[in-house]
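Trainee: please work out how this folds:
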Amino acid sequence: MKKLIILPLLATLAFADYTQYKPSEEFANYFTTQNCSQVLDKFYYLNCYDYNYKGTKAVAYKVEASNLKGKQIKKRPRFEDDTNIPKKYRTTWSDYKNSGYDRGHTLSNASMRKTTQAQRSTFLMSNITPQNPQINQRVWNKIEKRERQLALKLGSLEVLNLINYDNNPQRIKNNIAIPSSYVKILKGNNFKECYQV
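Mentor: Model prediction:
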């Protein structure tokens, strides 16, 4: 009987620092079966995954100041295939090798480093799109830092990242579409900012 009690308790402790993300009404409209081939509920965030692009079209989540304070996990985990996606629509770490593109996080690793589980969820390949290194390492990185600064200042921030594709996008290995632009919407109490890259 004790084992039955301990296992749920361990599962609860794994998520103790985070609450399950539920999108605001404004953001929820992006995560429907009309917009997405598959809506992936990753507890920490929602992902609107598209089979045709083999990539995400939208990711939404909340950044809490309390989860950015204190000890943060520095060591980066490995990228992992998302086994919740049918195999023929999945992407892998090796698909990006020698492509000229970075494995760009849609939801930043640094925004979810309070627990191992939260951080690992950002390293699922469903959260990754091909990003030009200049964008990934410079421009997008600065905007990700801005989201964390605002969350610390405001206490909490809801974020929506939109990934746009051309009608006939260029592709890398495994038929993964290269996005044409990225949009980040930052929303707090009486506050909103939007960036397009």
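Trainee: low pLDDT regions in the chain?
Mentor: Along the chain, segments meeting pLDDT under 70 span 1-16.
Trainee: which residues of it fall in strands?
Mentor: In order along the chain, the chain carries the following strands (DSSP state E): 38-41, 45-50, 55-64, 102-105, 128-131, 156-164, 171-172, 176-177, 181-188, 191-196.
Trainee: between those, which one is nearest to residue 75?
Mentor: Closest approach to residue 75 among these is made by strand 102-105 (15.6 Å; CB to CB). To be clear about C-beta, it is placed using only N, CA and C from the backbone, and glycine gets the same treatment.
Trainee: show me what that closest one is packed against.
Mentor: The contact analysis (3 or more CB pairs under 8 Å, 6 or more residues apart in numbering; DSSP states H and E) places strand 102-105 against strand 128-131.
Trainee: what is the strand it packs on packed up against?
Mentor: Where contact means 3+ CB pairs under 8 Å, 6+ apart, strand 128-131 is packed against strand 55-64, strand 102-105, strand 176-177.
Trainee: what does it rub up against?
Mentor: Residues outside strand 128-131 that contact it (CB atoms under 8 Å, 6 or more residues apart in numbering): 55-56, 79, 91, 96, 99, 101-106, 140, 163, 172, 176-179, 182.
Trainee: so what's residue 32 up against?
Mentor: Under the criterion of CB under 8 Å, 6+ apart, the contact partners of residue 32 comprise residue 39.
Trainee: measure it to residue 58 for me?
Mentor: 10 Å (CB to CB, to the nearest Å).
Trainee: if we can go back for a sec, filter the contacts of strand 128-131 down to the buried ones, ChimeraX style.
Mentor: Burial among these is assessed by 16 or more other CB atoms under 10 Å; the matching ChimeraX selection reads:
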select :55,56,79,91,96,101,102,103,104,105,106,140,163,172,176,177,178,179,182
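Trainee: quick test: name the residue nearest the centre of the protein.
Mentor: Nearest to the centroid of the C-alpha atoms of the chain, with distances taken as CA atoms, centre = their mean, sits residue 107, at 2.8 Å.
Trainee: mind listing what that residue touches?
Mentor: Under the contact definition (CB under 8 Å, 6+ apart), the residues listed for residue 107 are 44-45, 59, 61, 122, 127, 159, 161.
Trainee: give the contact list for residue 163.
Mentor: 55-58, 106, 129, 179, 181-183.
Trainee: residue 133 reaches residue 102, doesn't it?
Mentor: Yes. Residue 133 lies in contact with residue 102 (CB atoms under 8 Å); the separation is 5.1 Å.
Trainee: if we can go back for a sec, just the strands of the chain: most buried one?
Mentor: Highest mean neighbour count among the strands of the chain (mean count of other CB atoms under 10 Å): strand 128-131, with a mean of 25.
Trainee: using CSV, write down the CA coordinates of it.
Mentor: Presented in CSV, the C-alpha positions along strand 128-131 are these (Å, rounded to 0.1, in the frame of the first residue of the first chain):
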residue,chain,number,x,y,z
ILE,A,128,13.0,23.0,-32.0
THR,A,129,13.0,24.7,-35.4
PRO,A,130,15.8,25.5,-37.9
GLN,A,131,17.1,28.9,-36.9
